[in-house]
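Asks: Kindly generate the corresponding structure for this input.
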Amino acid sequence: MRKFLFFIVIIVSILSITACNNKDQKAGDLPEFVEVELTVTPEKGNVNEPMIFEAKVTQGDEKVDDADEVTFEIWRAKDEKHEKIKVEHTEDGIYRLEKSFQQEGTYYIISHVTARDMHNMPKKVFVVGTPSEPEDPSESKDSMHMEGN
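Replies: Down below sits the predicted model:
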């Protein structure tokens, strides 16, 4: 009976050591983050003239041409309606959209990129014609500070 228990303890110990080594090895093999460089050309557009939006997706030195999904979310400042446009790969890890706007103002774009089990969503501000009043994310914080004083 003692030999049997000793044998079981040895096997459990070996399995534990092997499992710990596998965890350490996997932690060192983590992939690099998926990076997204979002550009708007031109930075200041004109009404009814096309603008180009590009998301350049990379992972380390590799250009990502197999993203699961790339969607551009665009809206005018202070507008509750957000337009979401699915974008396809064009070349060299670049996902491109050409779009024109009928209304002047300050706009925002977020590129939602899901690739290789990661999600990245950079945001940019751009202007069409004359800027409108921009969104102010600190408005709710200011009202809370005023209540406490």
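Asks: give me the low-pLDDT residue ranges for the chain?
Replies: Where the chain drops to pLDDT under 70, the residues are 1-10, 12-13, 15-28, 136-149.
Asks: remind me, longest strand of it?
Replies: Here the longest strand in the chain is taken by residue count, with DSSP state E as the criterion, and it is strand 105-115.
Asks: Walk me through which strands the helix or strand following that one pairs with, and which way each runs.
Replies: Sequence order places strand 118-120 as the next helix or strand after strand 105-115, per DSSP states H and E. With DSSP bridges as the test, strand 118-120 is paired with strand 105-115 (antiparallel).
Asks: Spit out the contact partners of the residue nearest the centre of the chain.
Replies: Relative to the mean C-alpha position of the chain, the nearest C-alpha, by CA atoms, centre = their mean, is the one of residue 120, at 1.5 Å. Residue 120 sits next to 33-36, 111, 113 when contact means CB atoms under 8 Å, 6 or more residues apart in numbering. C-beta coordinates here come from the backbone N, C-alpha and C atoms, glycine included.
Asks: buried subset of those residues?
Replies: 34-36, 111, 113 (16 or more other CB atoms under 10 Å).
Asks: which parts of the host helix or strand of residue 96 are buried?
Replies: With elements delineated by DSSP H and E, residue 96 resides in strand 94-99, which encompasses its position. Along strand 94-99, the positions that meet the burial threshold by neighbour count (16+ other CB under 10 Å) are 94-97.
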